[in-house]
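1. Predicted coordinates and the sequence they were generated for:
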Amino acid sequence: MNMTKLKNNTVSYEEIESKLMGDSEFQKEYLNLSLEEYLTDGDFNKFYKSLEKVIKSRESITSFSKKVNIDRANLYTLFNGEKVPRLDTIAKILKELGYSIKVA
């Protein structure tokens, strides 16, 4: 088997992810699944990384932080799992991403 030929005909995970993340419907589904996983396993960090990926697929963290009026450094602290945000912070982020939260 020719490994060079195989590598040249293979698409990387990053390329696929980048293409998929450009689609707003995919982003919503991605966040839905991430939130479901969080509710199951309680791992904040995976959920925050998902938020970061969606935000970065749309714009820079700096411009997003200005829109939601949250310091950029605070967003990175959140994404790195160094701080657990308040619920209103998460709500602001999700709202800016066009994500509506419905409480039953």
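-> Perfect, thanks for sending it.

2. So what does residue 86 have for phi and psi?
-> Torsion angles at residue 86 (phi, psi; degrees, to the nearest 10) stand at phi -80, psi 160.

3. And for residue 80?
-> phi -90, psi 0.

4. quick one: it and residue 33, what's the gap?
-> Distance, residue 80 to residue 33, by CB to CB, to the nearest Å: 21 Å. Glycine gets a C-beta too; all of them are placed from N, C-alpha and C.

5. go on, residue 41?
-> From residue 41 across to residue 33, the span is 12 Å (CB to CB).

6. which parts of stretch 39-51 are buried?
-> 47-48, 50-51 (16 or more other CB atoms under 10 Å).

7. now for the longest helix anywhere in the chain, which elements pack on it?
-> Using DSSP state H, we find that the single longest helix of the chain is helix 24-41. Secondary-structure packing of helix 24-41 (3 or more CB pairs under 8 Å, 6 or more residues apart in numbering; DSSP states H and E): helix 13-21, helix 44-58.

8. how about the ones you listed, which one is nearest residue 65?
-> Closest approach to residue 65 among the helices and strands packed on helix 24-41 is made by helix 44-58 (9.2 Å; CB to CB).
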